[in-house]
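Engineer: Provided below are the primary sequence and the corresponding predicted coordinates.
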Amino acid sequence: MGLRTRRSAPRSPGAAGRGGGRGVRQLLPLFPLLLLLLLWCPGARGAGAAAPGEADAPTLYLWKTGPWGRCMGDECGPGGIQTRAVWCAHVEGWTTLHTNCKQAERPGNQQRCFKVCDWHKELYDWRLGPWDQCRPVVSRSLEKALECVKGEEGIQVREVTCMQTEKGVPAEEDLICEYFEPKPLLEQACLIPCQQPCVVSEFSAWSQCSKTCGSGLQHRTRHVVAPPQFGGSGCPNLTEFQVCQSSPCQAAQSPHSLHVGPWSACTALPSRQARQARRRGRNREQRERDRGKALKDPEARELIKKKRNRNRQNRQENRYWDIQIGYQTREVTCTNKTGQAAELRLCQQEKLPMTFQSCVITKECQVSEWSEWSLCSKTCHDMVSPKGTRVRTRVIRQFPIGSEEECPELEETEPCVSQGEAAAPCATYGWRATEWTECRVDPLLSQQDKRRGNQTALCGGGVQTREVYCVQTNENLLSHLKTHKDKEAPKPVDLKLCTGPAPNTTQLCHIPCPIECEVSPWSAWGPCTYENCNDQQGKKGFKLRKRRITNEPTGGSGGTGSCPHVLEAIPCEEPSCYEWKAVRLGDCEPDNGKECGPGTQVQEVVCINSDGEEVDRQLCRDAIFPIPVACYAPCPRDCVLTMWSSWSSCSHTCSGKTTEGKQIRSRSILAYAGEEGGTHCPNTSALQEVRSCNEHPCTVYHWQTGPWGQCIEDTSVSSFNTTAAWNREASCSVGMQTRKVICVRVNVGQVGPKKCPESLRPETVRPCLLPCRKDCIVTPYSDWTTCPSSCAEGNSGVKKQSRHRVIIQLPANGGRDCTDPLYEEKACEAPQVCQSYRWKTHKWRRCQLVPWSVQQDSPGAQEGCGPGRQARAITCRKQDGGQAGIHECLQHAGPVPALTQACQVPCQDDCQFTSWSKFSSCNGDCGAVRTRKRAIVGKSKKKENCKNSQVYPLMETQYCPCDKYTAQPVGNWSDCILPEGKAEVLLGMKVQGDVKECGQGYRYQAMACYDQNGRLVETSRCNSHGNPASLPC
């Protein structure tokens, strides 16, 4: 107490004065700096000394933020942290103290983020949307140019999104994609071309007048040279008409006019005419039969027989088209101005219209009766969709002829219900997934560096996969994963039968990285104790020191086997199992009852065993009791010292010829002795003490353990927790592990086991649990895939059908391997080659004329000749010529050929010619022609009028198809465009690129494209026929 009183007493007035003056002199040079700091830092002023303009200070200082830094975190994905710099700045830009800005408005300097790893590059990518329409940029000046010269500047935008490539959904942040590749541009400049109006040619000359006398019309035309583009004005009329006046007609207009009535309905030929026609046909067949009998050649008779069979078959097949040719008439009359009938000769006409013609009698479509309803498509019971469908059909008996109405529907469908709950339940299907494979890091690494693909001792983020398959999931099917039986595992079916979303086949995973073993520092060496206090033999003992494991290792080899030893021993003499341990020192009691001076301190002790545990004090009766410690109780004017510090750690763990362990402790002076009678403070050397430690020799021993071996089955121990597998063998049991334990002398090596304390020897055998053996489990084979039921188109190779099964449990821990094949295939039976079909047209039948009784009143009509109509049979054939049903050709052979056509039975005065030949082939050159010919036959060869090639040409000429196009310039030349600029040749339009004012450039002119007939075609057809017109400038 006296010490505190003396040290807290005030200094003498003289001392205070001297000290204060010296302090003021030291602060005088700092006054200008303090004053400047107060002026610049309003926050440094006191609350009562605020400047007049302090209320306006927040407007002068603003918070500034830097860019966000890189996302940091322990794992990939969400959960990372990124930071940025935040500082306070004056409005003029210079940085100042944070206290000048409002703390409430301070932006955050941290935010959560998505940590991107290298393997994310395969999972994320930019999706670029299309550029939208080029839109004009709002001009700063309201005035626009009166004339568009170079086009209008514009801008177009697009959407750019960071997407998860596998799922097709947007990512959490665009920063994920920006980590690998800068974000593509969202905007770009564009040019809106000037509006280009339609360009047309000049008008052609006026055509001749449509009438040779009186008023008529004449026209002229022009064509489009270049169509309108970019919103230009449309094309004008390409044709103009005007009235033309020829010389007046000399003859007066006829007072009579011709009236032509409508055609009557098609009427069948009279029955007498039909009978005569049939009789003529029978006579013709009889003559052919007689002619066949006259033939002695058996081959000829066989050919005639086959022809008759074919004709009979054709007539049978042609029943679908019951073609009946009839006739129809119309009335042609001549009337005067009053509307009264007059003779036909009074109506001046070079050729009167026909009053009769052959026709085909209209037949409506005829179909059969409906067939019976088919069975319901739903043969099982299903609450979700209980209804099915059933179908009935009908066939066409008579195809429509000359009728605009098509045949009615040939198939009818209606909903139907299955037999209800009495029916078997419908099969339901669901997804199944195999077990996840082990987490692997190398697939992600191999995508970045192929050299790292086969590393196995890896950790961190990885992927694991599984197989997904579809199975029938009816309630009566047992779970295959619980029973592990082949027959109870459902077989895979077609993936299309499972309708819901399929489970994921890949997921991210994480392999923990191995943690190294960490141990605490060594404890102090303990007392010399017997190896076994319960069996105290001899005078040899051990001193022990220990350390503990602070962090258990994980991963890698793992376990305590990878940790260093945690106990060391030193042989010693005179061991003891118990000793006294000082717990606390009592107060210093001066000798002889004095108040201060030399004295002693009694130690408070407890009895401890060799492990440092407190035990009964009676056990330490043979141990040496600690003696009191000498001390000194300071007197009021003595030198005041601190307590001794604790002893430092020993400098060496043992002592030898060249090493000696030392410990140091020290204390310091708190107050010097008074002026009269006090004990003076000791010298500096006396403030420190040194003592020897670890005086035992450097012969340290410890038990060293090897890693635990493989767990092997211990047949002497009964198994527990066993599970029967397919072969009913035990797959879970107790095993044992062994390891090697040796005695090691530090810095020497292995020594005999007697050097180490036997009682502390680690275990060499321990029980372990054998992991359950897992056999390979596969599903049954799926059904064979179906072979093609339809025919094979062309040579498509050998078709195969296959079946497969899925591994639902991989072998582990010595289980049965997957040796059976998972995939089988076999060749399908050779499918029938697809049959192609074609229509076969037979010879045209005799040309049927309108009955003479109908046409005899018509002027110029001759019996047995003139216009008529003929029919023919068509049949359906396979490509090899075999017979086929009509419905096959209707479905596969294209449109039905014409069944009837107009025909002409030549009269005696008519010119007769052969049919036109086929056109000759083209040689491929543009401008080439192809021809076809015919010849005069019969008596027409002697008639002069038939030899007139102008009226009856014997040869026709036609141009061959040609792909030759020519480009011709259109419009004016463009301005001079420099090579650095980007020019588009579109009707003389120029697009500006990089700005450059002078140098060598080119003028461009737009080109129009024409074919060999002078018609305007698409410009792209001329792209391969030369470059656009250009001139240097």
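Structural biologist: The structure has been received and is ready for your questions.
Engineer: count the neighbours of Ala902 for me.
Structural biologist: 11 (other CB atoms under 10 Å). Every C-beta, even on glycine, is put in place using the N, C-alpha and C of the backbone.
Engineer: from here on, count from 19
Structural biologist: Sounds good: first residue 19 from here, last item Ala920.
Engineer: mind listing what's buried in the helix or strand containing Arg887?
Structural biologist: Of the helices and strands defined by DSSP states H and E, Arg887 is found in strand 884-896. Using 16 or more other CB atoms under 10 Å as the test for burial, strand 884-896 gives Gly884, Pro885, Gly886, Arg887, Gln888, Ala889, Arg890, Ala891, Ile892, Thr893, Cys894, Arg895.
Engineer: from Cys921, how far out is the first one?
Structural biologist: Right, Gly884. 10 Å (CB to CB, to the nearest Å).
Engineer: any idea how far stretch 703-722 is from the chain center?
Structural biologist: Remark: stretch 703-722 is offset 71 Å from the chain centroid, using CA atoms, centre = their mean, to the nearest Å.
Engineer: got it, and stretch 764-776?
Structural biologist: 66 Å.
Engineer: all helices of the stretch 419-568 of the chain, in order?
Structural biologist: 460-466, 498-501 (DSSP state H, counting those that start in this stretch).
Engineer: and these, which one's lowest on average pLDDT?
Structural biologist: Among those, helix 498-501 carries the lowest mean pLDDT, a mean of 42.
Engineer: circling back to that earlier point, need the buried residues of strand 884-896 in CSV (columns: pLDDT and distance to Ala1024).
Structural biologist: Converted to CSV, the buried residues of strand 884-896 look like this (pLDDT from 0 to 100; distance: CB to CB, whole Å):
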residue, pLDDT, distance to Ala1024
Gly884, 83, 60
Pro885, 86, 56
Gly886, 89, 59
Arg887, 89, 56
Gln888, 89, 57
Ala889, 87, 58
Arg890, 86, 56
Ala891, 84, 59
Ile892, 85, 54
Thr893, 85, 58
Cys894, 87, 56
Arg895, 87, 56
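Engineer: ok, Gly233 - contacts?
Structural biologist: Quick fix: residue 233 reads Ser, not Gly. By CB atoms under 8 Å, 6 or more residues apart in numbering, the contact set of Ser233 is Val261, Cys262, Gln263, Ser264.
Engineer: how about a cut-off of 6 Å?
Structural biologist: Counting by CB atoms under 6 Å, 6 or more residues apart in numbering, Ser233 makes contact with Val261, Gln263.
Engineer: so how far is Pro616 from the residue located most distally from the centre of the chain?
Structural biologist: The outermost residue of the chain relative to its centre, with distances by CA atoms, centre = their mean, is Asn610 at 97.8 Å. For Asn610, the distance to Pro616 equals 9 Å [CB to CB].
Engineer: and for Leu115?
Structural biologist: From Leu115 to Pro616 the distance is 61 Å (CB to CB).
Engineer: please, where are all the helices along the protein?
Structural biologist: 20-26, 31-45, 49-58, 193-196, 289-312, 316-335, 460-466, 498-501, 870-873, 904-910 (DSSP state H).
Engineer: mind listing what's buried in the last one?
Structural biologist: By that I understand helix 904-910. Ile904, Cys907, Leu908.
Engineer: in this structure the first one contacts Ile892, no?
Structural biologist: No - applying CB atoms under 6 Å as the test, Ile904 and Ile892 come out as separate, 8.9 Å apart.
Engineer: what about the stretch 569-718 of the chain, any weak spots by pLDDT?
Structural biologist: 573-579 (pLDDT under 70).
Engineer: let's see 80
Structural biologist: Flagging of the stretch 569-718 of the chain using pLDDT under 80 yields the residue ranges 572-580, 591-592, 611, 628-630, 640, 671-675, 692-697, 712-716.
Engineer: same check, this time on the stretch 269-418 of the chain
Structural biologist: 269-274, 287-340, 355-357, 362-370, 397-405.
Engineer: who's in contact with the residue nearest to Glu123 when sequence neighbours are not counted?
Structural biologist: In this structure, Glu123 finds its nearest non-sequential neighbour in Trp81, 6.2 Å apart by CB to CB, 6 or more residues apart in numbering. For Trp81, the contacting residues are Cys119, Arg124, Pro125, by CB under 6 Å, 6+ apart.
Engineer: what about Trp81, distance to Lys858?
Structural biologist: Distance from Trp81 to Lys858, by CB to CB: 93 Å.
Engineer: cool, and Leu146?
Structural biologist: 57 Å.
Engineer: the two: which is more packed in?
Structural biologist: Just comparing Leu146 and Lys858: by other CB under 10 Å the higher neighbour count belongs to Lys858, 18 against 13.
Engineer: what residues are up against the more buried one?
Structural biologist: Thr893, Arg895.
Engineer: who does it form a beta bridge with?
Structural biologist: Taking DSSP bridges as the rule, Lys858 bridges to Thr893.
Engineer: can you pull out the strands in the stretch 519-668 of the chain?
Structural biologist: 524-529, 536-537, 558-564, 567-569, 585-591, 596-603, 607-608, 615-619, 621-627, 647-651, 658-659 (DSSP state E, counting those that start in this stretch).
Engineer: and the fourth one, which strands flank it?
Structural biologist: Read it as strand 567-569. strand 536-537 (antiparallel).
Engineer: for the partner strand, give the mean pLDDT please.
Structural biologist: Averaged over strand 536-537, pLDDT sits at 89.
Engineer: is it true that Thr452 touches Ile826?
Structural biologist: Yes - applying CB under 6 Å, one finds Thr452 in contact with Ile826, separated by 5.2 Å.
Engineer: so for the two, which sits in the more crowded spot?
Structural biologist: Comparing Thr452 with Ile826 by neighbour count (other CB under 10 Å), the higher total belongs to Ile826, at 22 against 19.
Engineer: from Lys514, how far off is the more buried one?
Structural biologist: 21 Å.
Engineer: roughly how far does the residue nearest to Glu123 sit from Ala107?
Structural biologist: 8 Å.
Engineer: what number of residues are in the vicinity of the nearest residue to Ala445 once chain neighbours are set aside?
Structural biologist: Setting aside the residues directly before and after it, Ala445 is nearest to Gln490 in space (CB to CB, 6+ apart), at 5.2 Å. For Gln490, the count of nearby residues is 15 (other CB under 10 Å).
Engineer: do the same with Thr803
Structural biologist: With other CB under 10 Å as criterion, Thr803 counts 14.
Engineer: next up, the contacts around it.
Structural biologist: Gln819, Ser820.
Engineer: for it, phi and psi?
Structural biologist: When read as degrees, to the nearest 10, the backbone of Thr803 gives phi -60, psi 150.
Engineer: and it, how far is that from Leu321?
Structural biologist: 51 Å.
Engineer: now do Glu842
Structural biologist: 56 Å.
Engineer: repeat for Tyr690
Structural biologist: Taken as CB to CB, the span from Tyr690 to Leu321 is 153 Å.
Engineer: do the same with Val413
Structural biologist: 35 Å.
Engineer: okay, the two: which has more neighbours?
Structural biologist: Taking neighbours as other CB under 10 Å, Val413 and Leu321 compare with Leu321 leading, 13 against 10.
Engineer: and the gap between the residue nearest to Lys381 when sequence neighbours are not counted and Pro426?
Structural biologist: Among residues not flanking Lys381 along the chain, Ile419 sits closest, at 4.3 Å (CB to CB, 6+ apart). Separation of Ile419 from Pro426 (CB to CB): 16 Å.
Engineer: do the same with Glu320
Structural biologist: For Glu320, the distance to Pro426 - CB to CB - is 45 Å.
Engineer: give me the number of residues near the nearest residue to Ala648 once chain neighbours are set aside?
Structural biologist: Among residues not flanking Ala648 along the chain, Thr618 sits closest, at 5.9 Å (CB to CB, 6+ apart). Thr618: 14 surrounding residues under other CB under 10 Å.
Engineer: just the contacts of Trp81 now: which is nearest Ala542?
Structural biologist: Arg124 (52.7 Å; CB to CB).
Engineer: quick one, phi psi at that closest one?
Structural biologist: According to degrees, to the nearest 10, Arg124 has phi -70, psi 130.
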